[in-house]
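K.L.:
Provided below are the primary sequence and the corresponding predicted coordinates.
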Amino acid sequence: MSRRRKRSRRRGERRILERLRALLSVRNGTLLLAALACAYLGRIVYTTTWTMDADEAVHSIEGLRLYDHLARGEIGAFVRDTYFPERWAPPVHDHLRWYPFVHAWCLVPFFAALGPEDFAARLPSVLLLFGTAVIFFDLGRRLSRRPAASGFLAVVLLLGAPNLLTFSAQSLIATASLFTCYLALLLYVRSLAADHAPKPALLAGLALGLAMLTKYDHGGILAISLGLSELARARYSLPRFFRSGAPLLFGAALLPVVIWFAHPAKLQILSDSAGHPFYGTPRLILFDFVMTWFAEYGASLAVGGLALLSFAGLIRRRSEPAIRILLIWGTLSMLFYASRGRFHFRYHLVEAPIFLLAAAVVVPGWIEWVARFVASANTRRRHLLAGAAWLLSACVIFVGLRIALRPVVLFDSMRAPFEFFHGLRVDRWGMRLEPGAYVDYFAQHYGGFASYLGGSLAALAAGVFLLASGSLYVALGFGTVRSTRALCAAALALAILPGIGRLYQRLPDMVDWELECHPELGEVYAFVRANGGAEGTTLLGGGWDQLTNNSLRWYLITGSEPLPAFGDVHVVGDMIGSLVFPPEERIAYWTEQLATAATADLPDRIVLVEPEEGFLYRTRIGPEVELYRTVLAARGSHVSVATRSFPALGCRVEVLRVVPDSEPVAAPRERMQALGVLGDSVAESSRTFVNDDGWVLKDESLRHF
């Protein structure tokens, strides 16, 4: 073989080896792991039979509206309706919805490729989670002094967060906000590295504007945090701030936001959004805040503890601008969400992962420190520490396994202190239970959390046990700093991986539980569609949080063949907007309409939903069904088409259609006033609770656990 051919062969072999090394790189392996995890989540989403609730439907409806325009070639209408979201409930509450357009745009290509259906609406959330994992890997690399380890750990912690996985199975705007906010953060960090040169600053600014136009509060908190970080970077000197590239960054971010809010109707959006109530008892606020930040984003106690400790550990690097933004963003968001009364698990879906990112940045350095300490400690000290760790971890493993395998052990141990107060009632923090019964209540509702607690303790103690055992191995002279580092990493993996494995084992049930809407609701929609059709106006009476005008409209459109035009299908009545816009005004309006309007102005059909014994959901039911029936009996404007009971839901549904001619009658104003629908104040009796026993769902305990 000639010398030239040998050199050519060696070059070819080197290229092959380089490609193999690239394929086996930490980055590719991490992204493959993320792709597999998201593919598994996507499969769960594809196979679930649980239907959309009002929150999913209200976001999917906007995407369906825009898709309908594009499918019909109505480009002008697409642009117009992008800028003007659909209105809540004209003419009663004729306000634009406050949701911006980015999430709706994300849905349009999936509707075009797969057709409008539940899976097509939910799949973008799964892919956005994968995109967030890619961003987390890059952020971990850029913010850490040990890039490969931090990038890998950032992705593992992100995809091991129960709250993120289950919410990424839904068609919600928060998942799009998760992606755009961390994209803006990544581009900001890149711009920092380039000292805010024009091109990276412009890209970071556009990404920040995109984040603010995905969800106002998440993007707004990030923008304020970046502004404070830049002021600190300029040493609080405005001239120095304006001489940097920051004005270009924030100018690029604010320009699309100013254009978005240029119309006066958009300012009403902000007013409506600010009026969203966040009520809750002090007990619920404290419980939600502590548990969601600590437990909902960690598949084990080790992750939750590391996340909070790591965030505090970042304070040592607060002078670094890229680290400072994490500290400011995390602190501001915690203060902001502490002021909100409830639903923390949903509203801080974007900000809570800051703490997971902090753990990914800090923990590899801690592993290095522990490895060096174990390798350098003298033999006597090592034996003492190892012996104490052995004894403590063995006890904790025993206790943890007892709690995990028999959760009643935890509650039995709680009983004695409560029995001391026997005979007293617990009226504070929203509870009214006998002290002895309090333990039974906790055992009934949070037994799964006891299992999570016990398993987490056992796994954490097993990691400590492994580290203590390994330190003795090092003491015998067999270990090096490198092998000790591997031992520390193995101890960390032993503490967190069992929880993540358990999370993915239970993920199908957890996704179904979070989706909330029982599969039999799909039969309700099919029943209405089969007996009333889709086109025209439908008045929904007696719905609840999982059955609203948005969800009924979604299934009337997507379940029809051929697909009707979006503008030809209208559903009015019960809606998720009742959280902000009181339902009494709409009930009064539609009672008046049914009584006094001309036949041509009456709804084409009416759907009445009435709870029966064994009603599935604990919810407030309004008086609209009673009022509508009173008017319909007097006027005879609608006739019953079909009635059916749905045993799994515990409700009865009746569909009525309009008749050609009917004479107007007087609205029962005295009855409306008695029910609190009219008058200066709303009577408590106007919306009564049904089923105080709670939701009959696959809920073992505290949310996911």
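P.N.:
Right, received. Where do you want to start? These figures come from a predicted structure and were not determined experimentally.
K.L.:
Can you tell me how far residue 361 is from residue 320?
P.N.:
Residue 361 is 11 Å from residue 320, where distance means Cβ to Cβ, to the nearest Å. Using the backbone N, CA and C atoms, a C-beta is placed for each residue, glycine as well.
K.L.:
Neighbour count: these two, which is higher?
P.N.:
Higher neighbour count among residue 361 and residue 320: residue 361, with 29 against 14, using other Cβ atoms under 10 Å.
K.L.:
what residues are up against the more buried one?
P.N.:
Each residue near residue 361 by Cβ atoms under 8 Å, 6 or more residues apart in numbering is listed here: 140, 143-144, 150, 154, 310, 314, 323, 326.
K.L.:
with those residues in mind, which one is nearest to residue 565?
P.N.:
Ranked by distance to residue 565 (Cβ to Cβ), the contacts of residue 361 are led by residue 154 at 45.4 Å.
K.L.:
Tell me who's in contact with the closest one.
P.N.:
Applying Cβ under 8 Å, 6+ apart, one finds that residue 154 lies in contact with 136-137, 139-140, 356-357, 360-361.
K.L.:
which SS state does it fall under?
P.N.:
Judged by DSSP: H, G, I helix; E, B strand; the rest coil, the three-state class of residue 154 is helix.
K.L.:
Just the pLDDT at it, thanks.
P.N.:
The model reports residue 154 with a pLDDT of 95.
K.L.:
Strands along this protein, start to end?
P.N.:
For the chain, the strands defined by DSSP state E cover 87-89, 93-96, 536-541, 569-573, 605-611, 619-621, 638-646, 651-658, 688-690.
K.L.:
so which of those comes closest to residue 513?
P.N.:
Counting by Cβ to Cβ, residue 513 lies closest to strand 619-621 out of these; the figure is 17.0 Å.
K.L.:
That closest one: partners in the sheet, and parallel or antiparallel?
P.N.:
Applying DSSP bridges, strand 619-621 is found paired with strand 688-690 (antiparallel).
K.L.:
looking at this structure, which helix or strand is least sure?
P.N.:
Lowest by mean pLDDT, DSSP states H and E among the helices and strands of the chain is helix 435-445, with a mean of 53.
K.L.:
For the stretch 301-450 of the chain, which residues score under the pLDDT cut-off?
P.N.:
For the stretch 301-450 of the chain, the stretches with pLDDT under 70 are 340-343, 376-383, 405, 407-448.
K.L.:
at 90 instead, please
P.N.:
Within the stretch 301-450 of the chain, the stretches with pLDDT under 90 are 301-302, 304-305, 308, 318-319, 334-349, 365-450.
K.L.:
What segments of it are helices?
P.N.:
Along the stretch 301-450 of the chain, the segments classed as helices by DSSP state H, counting those that start in this stretch run 301-313, 321-338, 344-347, 353-376, 379-405, 408-419, 435-445, 447-475.
K.L.:
Would you quantify the distance from residue 270 to residue 180?
P.N.:
Distance from residue 270 to residue 180, counting by Cβ to Cβ: 19 Å.
K.L.:
again, but for residue 573
P.N.:
Per Cβ to Cβ, residue 573 is found 34 Å from residue 180.
K.L.:
between the two, who's got more neighbours?
P.N.:
Taking neighbours as other Cβ under 10 Å, residue 573 and residue 180 compare with residue 180 leading, 29 against 26.
K.L.:
my read: the more buried one touches residue 102, true?
P.N.:
Yes: Residue 180 is within contact range of residue 102, at 6.7 Å (criterion: Cβ atoms under 8 Å).
K.L.:
Spit out the residues that contact the two alike.
P.N.:
With contacts taken as Cβ under 8 Å, 6+ apart, the residues that reach both residue 180 and residue 102 are 210, 214.
K.L.:
Out of the strands of the chain, which gets nearest to residue 291?
P.N.:
strand 619-621 (23.1 Å).
K.L.:
buried residues in that closest one?
P.N.:
For strand 619-621, a neighbour-count test (16 or more other Cβ atoms under 10 Å) marks 619, 621 as buried.
K.L.:
tell me the mean pLDDT over that strand?
P.N.:
Here the average pLDDT along strand 619-621 is 79.
K.L.:
Identify all contacting residues around it.
P.N.:
Contacts of strand 619-621 (Cβ under 8 Å, 6+ apart): 542, 544-545, 611, 687-691.
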